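Visitor: got a predicted structure plus its sequence, pasted below:
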Amino acid sequence: MKSLIIKLWRTMTRPAVHISLGVLTMGGFIAGVIFWGGFNTALEATNTEKFCISCHTMRDNVYVELQETVHWKNHSGVRATCPDCHVPHNWTDKIARKMQASKEVFAQVFGNYDEPGVFEERRIELAKHEWDRFSANKSLECKNCHNYESMDFEQMSPTARIQMKQAAEKDQSCVDCHKGIAHQLPAGMDSIGGIVGELEQLTSNTDYSVGQALVSVRHLPVYFDAQASQEAGLLNPASTVTVLEQHGEMIHVEIDGWRKAKGFGRVIQEDFGMNIAVGSLLKEAAQSDEIVTAGEQKIDELTGLPWEKVAAKVWMKKEAMLNDVTPIWEKASEAYKTNCSVCHTQPDEAHFDANTWPGMFNGMLAFVNFDTDSEALVLKYLQKHSSDFAEGHH
């Protein structure tokens, strides 16, 4: 051991032309520390809101928009800055994002974003890049603050509670539903916002008599009993139910459809072999004989999966229902033609079958801003007007 130490010392003190190896090593270490300190200081300097808004494009556009949102000012006094949402917290991901952002800096310095109207023209392209990033990492930056595991679902409204529980099960990306939460949306993307409200205005004269067929305008919670003491699931927009009885402001309804006879069978589809969702039941309701009555069983030859005809009897409030589906289709058709032609001419409704439309429609959602209810309405409209229901189409 002593000889090893002596040998190491001689190596470290041996002259390297004019400077010993030990001095060179120590100098290299010190230089490395200084370089790392400088690099990290510079990195953190570019990771501040002050740096982000040092250019006119950010300062005069998105930064102004942020100040009008709950992420800027709220009752808790917690504010999200630019890097909180747009720079990953993990070091490796942060460096990768900085390298990617170097292209954006180049475009800012040598491009024409400062010219009036140029930023707005390219807003949808820029937003799409960021939405794609959020979708790819499951909205990691959002979840640094808004963690599914820390959410108290019992404090949410019934509709939000069921939707958020489903999102948590899939670890869904936040921007799937919450585009435009901190900045303005690209031109034409926010025109969808009023259709559900417009449809609800038509529901004041709905007839809830026994035997009436009702069509839902938006997602509606359903319950085990007339006291609404236990949630049973969620009725999808544009879904038909039949009134069995009334009890004050509550109605007992029957949901008819089919479900896959595999697993818990929580999702009720409109018809055999067609993935046109009518409603989704919570696990307890899907397995309850008091709620669900199963009937005929068939095998889907295309997938090999067993299906069974079901009737679910649940309670719901007298709200957001129409006796006629026509106004819903009219509004959904208008929304599809207006919003889904932002980037290109939209396909004809009958161009795809009912089971193909969900995949095609999901590809369009990155370019539009449908809230959850509107998204379900438009998708149901496309499925119900697909080639499976239109004469003369494949």
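Guide: That came in fine, so what should we check first? Numbering: from 1, shown residues only.

Visitor: which element, helix or strand, includes G77?
Guide: Assignment of secondary structure by DSSP states H and E places G77 within no helix or strand.

Visitor: what's the burial count for it?
Guide: 6 (other C-beta atoms under 10 Å). For the C-beta atoms, the positions are set from N, CA and C on the backbone; glycine is no exception.

Visitor: and it, how far is that from V70?
Guide: If you measure G77 against V70 using C-beta to C-beta, to the nearest Å, the figure is 12 Å.

Visitor: one more: H252?
Guide: Using C-beta to C-beta, which is the criterion applied here, H252 is 39 Å from V70.

Visitor: so those two - more neighbours on which side?
Guide: It is H252, of H252 and V70, that has more neighbours when counted by other C-beta under 10 Å, with 19 against 13.

Visitor: name the SS class of the more buried one, please.
Guide: Following DSSP: H, G, I helix; E, B strand; the rest coil, H252 is assigned to strand.

Visitor: and it, what is it in contact with?
Guide: 226, 243-246, 313-315 (C-beta atoms under 8 Å, 6 or more residues apart in numbering).

Visitor: so what does the closest residue to G211 other than its chain neighbours have for phi and psi?
Guide: Using C-beta to C-beta, 6 or more residues apart in numbering and skipping the chain neighbours, the partner closest in space to G211 is V243 (6.4 Å). Listed backbone geometry of V243 is phi -80, psi 130, with angles given as degrees, to the nearest 10.

Visitor: what is the neighbour count of V243?
Guide: What V243 shows, counting by other C-beta under 10 Å, is a neighbour count of 20.

Visitor: which ones are touching it?
Guide: 208-214, 251-253.

Visitor: okay, domains of this structure per the record?
Guide: Each domain of the chain is listed here as a residue range: 2-45, 49-176, 202-322, per automatic domain parsing.

Visitor: right, so those: which one is the most enclosed?
Guide: Among the domains of the chain, ranked by average contacts under mean count of other C-beta atoms under 10 Å, first place goes to domain 202-322 (a mean of 18).

Visitor: distance from that domain to the middle of the chain?
Guide: Averaging C-alpha coordinates over domain 202-322 and over its chain gives two centres that are 24 Å apart (C-alpha atoms, centre = their mean, to the nearest Å).

Visitor: closest one of the contacts of H252 to A277?
Guide: Minimum separation from A277 among those (C-beta to C-beta) is found for V314, which lies at 15.5 Å.

Visitor: coming back round to it: closest one to W131 out of the contacts of V243, please.
Guide: Minimum separation from W131 among the contacts of V243 (C-beta to C-beta) is found for L214, which lies at 35.8 Å.

Visitor: sticking with that closest one, tell me its helix or strand.
Guide: strand 213-216.

Visitor: strand partners (parallel or antiparallel) of that strand?
Guide: In the sheet containing strand 213-216, the strands it pairs with under DSSP bridges are strand 240-247 (antiparallel), strand 321-322 (antiparallel).

Visitor: now render these as CSV, adding mean pLDDT.
Guide: Compiled in CSV, the strands paired with strand 213-216 are given as follows (pLDDT from 0 to 100):
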stretch, mean pLDDT
strand 240-247, 96
strand 321-322, 96
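
Visitor: so how far is stretch 95-113 from its chain's centroid?
Guide: Its chain's average C-alpha position is 27 Å from that of stretch 95-113, according to C-alpha atoms, centre = their mean.

Visitor: low-confidence bits of the stretch 51-200 of the chain, can you list those?
Guide: Low-confidence segments of the stretch 51-200 of the chain, defined by pLDDT under 70: 159, 188-194.

Visitor: helices of that one, start to end?
Guide: Under the criterion DSSP state H, counting those that start in this stretch, the stretch 51-200 of the chain contains helices at 56-57, 63-66, 82-86, 91-110, 118-136, 140-143, 158-170, 195-200.

Visitor: mind putting these in a markdown table, distance to G37 included?
Guide: Formatted as a markdown table, the entries for the helices of the stretch 51-200 of the chain read as follows, by distance: least, C-beta to C-beta, whole Å:
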| stretch | distance to G37 |
| --- | --- |
| helix 56-57 | 31 |
| helix 63-66 | 30 |
| helix 82-86 | 20 |
| helix 91-110 | 15 |
| helix 118-136 | 30 |
| helix 140-143 | 26 |
| helix 158-170 | 41 |
| helix 195-200 | 55 |
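
Visitor: of these, which is nearest M26?
Guide: M26 lies closest, by C-beta to C-beta, to one member of those: helix 91-110, at 27.0 Å.

Visitor: quick one on the thing from earlier: quick check: what element follows the strand holding L214 along the chain?
Guide: Per DSSP H and E, strand 213-216 leads on to strand 220-223 as the next helix or strand towards the C-terminus.

Visitor: packing partners for the next helix or strand after that next one?
Guide: Once the chain leaves strand 220-223, the next helix or strand it forms, by DSSP H and E, is strand 231-235. Contact partners of strand 231-235 among helices and strands, from 3 or more C-beta pairs under 8 Å, 6 or more residues apart in numbering; DSSP states H and E: helix 158-170, strand 220-223, strand 274-281, helix 283-286, strand 306-317.

Visitor: hang on, the earlier thing: any idea which of the strands paired with strand 213-216 gets closest to Q201?
Guide: strand 321-322 (10.8 Å).

Visitor: E200 and L220 touch, don't they?
Guide: No. Using C-beta atoms under 8 Å, E200 is not in contact with L220, being 11.2 Å away.

Visitor: overlap in contacts, these two.
Guide: Residues within reach of E200 and of L220 at once, by C-beta under 8 Å, 6+ apart, are A320.

Visitor: from M58, how far off is L43?
Guide: The spacing between L43 and M58, counted by C-beta to C-beta, is 19 Å.

Visitor: ah, wrong one, I meant G304
Guide: Going from G304 to M58 by C-beta to C-beta gives 54 Å.
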